[in-house]
Every structure is written in structure tokens, then in C-alpha cells.
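>>> Generate coordinates for the sequence data below:
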Amino acid sequence: MPDTPPPSAAATGARAVLDLAFRQWSAGLVAALARRVGLGRLDLAEDAVQFAMLQAARTWGFHGIPEQPRAWLLRVAANRLTDLVRLRAPEVPDVPDEEPVAPDALSEAPPRYAAELPDDALRLLFACCHPALSREMQVTLTLKVACGFSVREVAAALLADEPTVAQRLVRAKRTLRACRATLEVPSPEALPERLGAVHPALYLLFNEGYEASEGHDLSRAELCAEALRLAEVLLAHPGTATPEGHALAALFCFRAARLPGRVDARGAFVPQEAREGTEASPLLLGRGLRHLHASMGPVLTPLHLEAEIALVHAKSAVPGAEDSARLLALYDALLVLKPSPIVALGRVVALGRVRGPAAALEALGPLRSDGVLQRYPYRFAVEGMLLEQLGERGRAADCFRQAAALARTPPQREYLLARARACG
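Alright, predicted model coming up:
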């Protein structure tokens, strides 16, 4: 069988631009089209943008990247949207008495409150957080539509199964269609109430960048940068500049400051204890400290505590005794404000640093049966680490192999399998 010829330089360059375009522009393109047909027809807007991306993948490698690739994608997507509206116009609507959208209505119109939130991605974020949707629907829809996640990525971010996520998306879109929602930024008075869903969505967007759920790389720095950018755009608006928003931005800065040190020159994962001497970005640390200072107020939120935890880790890859005690206290407080199995697992690690692996392993006991953690690779990695410290190398190896089976990227998997082999 003949070898497959390597892709041309033009095809490789086009693919790189298209990958970047999908992450950076897809939300804005969907937003531009959804303004024309309404949030109830998000599926049409998404299908049209997906069609444009596929057309670009087929043609850019042969004919070259257009001078204005975003405009090219928007034009192709808008033409496809017109065709889709015409094709589906005769269909019986899902919602009684819903007025169909005429193809000639697809004119570019400025959104209301454009001066309030001039960013297309933010408009779509707030639109997906429509008050007619439950909180879980809001966050799920935001990750899928506004952040461009696949269903698999959404499921990984929410620690849920894919069928549940798919059904939740169907219900969310039906609800938006039933209430005839439009893609308009809410009034300045209504903006703050929607932050309750926007902040968690940005949090999960950053997490997907920090710890990718699929692909070949451990992290996707561009997603972290986009989450921080959107968080800071919110902070520039008086209606959405809140102490909690500053705490969120501080958390992003502190975690991103250590991002380059998580992998070596070959892209392999570097464990935390091996990162000592890898300098955190002083610019991001300073930026984070400014946000943390601005976040101080009468209310202590989970984001404030998480930002403090991230700051301790950003200052030192291997916390000393005083920092370890501080981390445990922070996790104790966080567990009160945000009781979750993920937080409890973080506390187990902090407890192990302060009181030793035996105490940490005992605290891990009640978490072993948690359904969420059964799908979480670090639950087994933490247990393997503790067992290894106690000299139980055989059981530790089994845990590392279980963690590797759940790992989402090759760098995770290879590191965990290496730990299993080292335990014998």
C-alpha cells in the first residue's frame, strides 16, 4: 500500500488558520446569524457556520486563504442560512403560532445595547443565559454555542455523560424557541443577574484550556487567554464589574501564570513537584494581584478562595509547611461554600501535605463511591500517589492504570502509565 503523501504547506497553513478561526470566530459568527433568525433557531445558525467551516477546509488548502477570512466565512454562512430558512419554511413549526422567519429578513441589523457589550462573544454568552432556562441549561448551552465546545467537551467539563448533555441542549433550544427569545443584550439593569451563569461558563472555558478534554495537547492556551479576555471585558463594563468578577479574573491570571511549566519541550506533562525553579509569569502574577485587590468586599465567595489557592501554587510549585497549612485552611473554607467532590478531592491532597498520606487516604475513603469522581482520572491518580507514599506500590500501580484509562489526552495518559510502571 503506497504511503500517504504529506500535506502541502498551503494545506497545513490553511488548517492552522481554520483551527484558530473556529475557536476565535465561531461564537461571533453564530451570534451574527442568530441575531437575524432569533435564538429559537440557533440550530440553523450553528449549521450554517459549520457549513462555512467545512467549505473553508475543502477550498482554502487549494485556492489559498482569503485576504479577509472572517468576512469570507460570514458570507458563506449567511448564504447557507438563507438556504436553510427557505428549505425549512414549509415545515410545521414545533411551537404553535410561531411566525416563520422570511429569507428577506436576514439583513444585518445592529443589536440593541450594542454600546453596552460590543463583543459578539459576550452578546452570545448573555443571550444563552436567558432567564427562561434553568441554570444547568444556561451553562450547557453557553459552552456548546458561545464557547464552541463539542458535546463531548461539554460533558467532560460538566462531568456528565454525553446523552444527558445532548438532551439538555435540545430542551434548552426548544425553550428559547417557545419563548421567542432574541439575541439581544439585556438592559443594563438586567445584566448583573445573568452573571450567575456567565461566570461559571467562563470558569469552565478556562478549565478546558488548562486541562483539555480531547486532542493531542495537555492544554490549550488560547482558550485560557479567551476566558481571561472575556472576564476582563466584563470588568470594563460598570454593570458587570463585580468583586466576584475580579476574583474570577485573578484566578485565571494565577493559574495561567504557571501554564508553560506544565509541559516540557516535547509536550510531556511535568508533575507539580518537578516544576520548582520554573518561574511563573511575573506579568500575570501582577495582573492577578491587582484583580484580587479589586475583588475585596463584604462578601467572601468561592472564587475568592479559589483565587487564593491558585496564588499559593503560583508562588511556589512545592508549598512549604506554612503554605501547606494555608492551603488546607482555604480548602476547608471552600468546602463549606462550595461543597463538591472535586473540592473535597483537592482538600485530600492538601491534607496529605499537612498530616501525611495515611490521614489523606482515610479522608479519600468516602469519595471512592462518588459517581462524579468515578469518571475523573485525578481521583485515582491521587489515591495512587498516596498509596505510593505509604509503600503500597502494587495498589498504587493499579490506581495509576485506572487513572490512565480515564485520561483525556496523550500527555496525561503517558505520565500516568509511567507512574504505574515505576511502581512495578
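
>>> residue contacts, the closest residue to D264 other than its chain neighbours?
With Cβ to Cβ, 6 or more residues apart in numbering as the criterion, D264 has its nearest non-adjacent residue at 5.6 Å, and that residue is V270. Where you see a C-beta, it was placed from the backbone N, CA and C, and this is true even at glycine. Counting by Cβ atoms under 8 Å, 6 or more residues apart in numbering, V270 touches G261, R262, V263, D264, T278.

>>> now those residues: which count as buried?
Buried by 16 or more other Cβ atoms under 10 Å: G261, R262, out of the contacts of V270.

>>> Can you add distance to A48 and secondary structure and give the contacts of V270 back as a markdown table?
Shown next, in a markdown table, are the contacts of V270 (distance: Cβ to Cβ, whole Å; DSSP: H, G, I helix; E, B strand; the rest coil):
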| residue | distance to A48 | secondary structure |
| --- | --- | --- |
| G261 | 41 | helix |
| R262 | 37 | helix |
| V263 | 36 | strand |
| D264 | 41 | coil |
| T278 | 44 | coil |
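
>>> just the contacts of V270 now: which is nearest A181?
Lowest distance from A181 to the contacts of V270 (Cβ to Cβ) belongs to R262, with 39.6 Å.

>>> Name all residues that make contact with that closest one.
L218, S219, F269, V270, R275.

>>> For the stretch 251-400 of the chain, just list every one of the helices.
Residue ranges of the helices in the stretch 251-400 of the chain, as given by DSSP state H, counting those that start in this stretch, are 282-294, 302-315, 321-337, 341-355, 357-364, 377-389, 393-406.

>>> The fifth one - contacts with which helices or strands?
Spelled out, that is helix 357-364. Contact here means 3 or more Cβ pairs under 8 Å, 6 or more residues apart in numbering; DSSP states H and E; on that basis helix 357-364 packs against helix 341-355, helix 377-389.

>>> What of the first one?
Using 3+ Cβ pairs under 8 Å, 6+ apart as the contact definition, the elements that helix 282-294 packs against are helix 243-257, helix 302-315.

>>> let's go with 6 Å and repeat that
Applying 3 or more Cβ pairs under 6 Å, 6 or more residues apart in numbering; DSSP states H and E, we find helix 282-294 packed against helix 243-257.

>>> what's the angle between the helix it packs on and helix 282-294?
160 degrees (axes from the mean of the first three to the mean of the last three Cα atoms, to 10 degrees).

>>> Which segments of this structure make up each domain?
Per automatic domain parsing, the structural domains of the chain span 8-86, 120-181+193-212+220-259, 338-424.

>>> can you give me how far the first one is from the chain middle?
Read that as domain 8-86. Relative to the centre of its chain, domain 8-86 is centred 21 Å away, using Cα atoms, centre = their mean, to the nearest Å.

>>> do stretch 195-203 as well
10 Å.

>>> Check what contacts it and list those residues.
With Cβ atoms under 6 Å, 6 or more residues apart in numbering as the test, stretch 195-203 has contacts from L125, C129, R135, Q138, V139, T142, A227, L230, A231, T240, L248.

>>> for stretch 160-178, same thing?
39-40, 42, 95, 132-133, 137, 140-141, 144, 151, 154-155.

>>> run the last query once more with 8 Å
So stretch 160-178 is contacted by 38-43, 94-95, 98, 130, 132-133, 136-138, 140-141, 144, 151-152, 154-155, 158 (Cβ under 8 Å, 6+ apart).

>>> List buried residues within those.
38-43, 130, 133, 136-138, 140-141, 144, 151, 154-155, 158.

>>> on that earlier part again, from the contacts of stretch 195-203, which would you call buried?
Buried among those by 16+ other Cβ under 10 Å: L125, C129, Q138, V139, T142, A227, L230, A231, T240, L248.

>>> Looks like L133 contacts L141 (just checking).
Yes: here L133 reaches L141: they are 6.8 Å apart, a contact under Cβ atoms under 8 Å.

>>> D43 and V49: what is the separation?
According to Cβ to Cβ, to the nearest Å, D43 stands 11 Å off from V49.

>>> do the same with D217
As judged by Cβ to Cβ, D217 and V49 stand 24 Å apart.

>>> So between the two, which is more surrounded?
Each of D217 and V49 has its neighbours counted (other Cβ atoms under 10 Å); V49 has more, 29 against 13.

>>> who does the helix or strand encompassing the more buried one touch, helix- and strand-wise?
Applying DSSP states H and E as the criterion places V49 in helix 42-63. If contacts are counted by 3+ Cβ pairs under 8 Å, 6+ apart, helix 42-63 sits against helix 9-37, helix 69-88, helix 162-178.

>>> Would you mind putting the CA coordinates of that helix into CSV?
Extracted in CSV, the C-alpha atoms of helix 42-63 (Å, rounded to 0.1, in the frame of the first residue of the first chain):
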residue,chain,number,x,y,z
LEU,A,42,-29.8,28.6,17.0
ASP,A,43,-29.5,25.2,15.2
LEU,A,44,-29.8,27.0,11.8
ALA,A,45,-27.1,29.5,12.7
GLU,A,46,-24.8,26.7,14.0
ASP,A,47,-25.4,24.5,10.9
ALA,A,48,-24.7,27.5,8.6
VAL,A,49,-21.4,28.3,10.4
GLN,A,50,-20.4,24.6,10.4
PHE,A,51,-21.1,24.5,6.7
ALA,A,52,-18.9,27.5,6.1
MET,A,53,-16.0,25.9,8.1
LEU,A,54,-16.3,22.7,6.1
GLN,A,55,-16.3,24.7,2.8
ALA,A,56,-13.1,26.5,4.0
ALA,A,57,-11.5,23.2,4.9
ARG,A,58,-12.2,22.0,1.4
THR,A,59,-11.1,25.1,-0.5
TRP,A,60,-8.5,27.1,1.4
GLY,A,61,-5.8,24.5,1.0
PHE,A,62,-6.1,24.6,-2.8
HIS,A,63,-7.0,28.2,-3.5
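
>>> between it and helix 162-178, how big is the angle?
110 degrees.

>>> List the buried residues in helix 42-63.
Quick answer for helix 42-63 (16+ other Cβ under 10 Å): 42-53, 56, 60-61.

>>> Show the low-confidence segments of the stretch 151-300 of the chain, by residue range.
182-186, 276-278 (pLDDT under 70).
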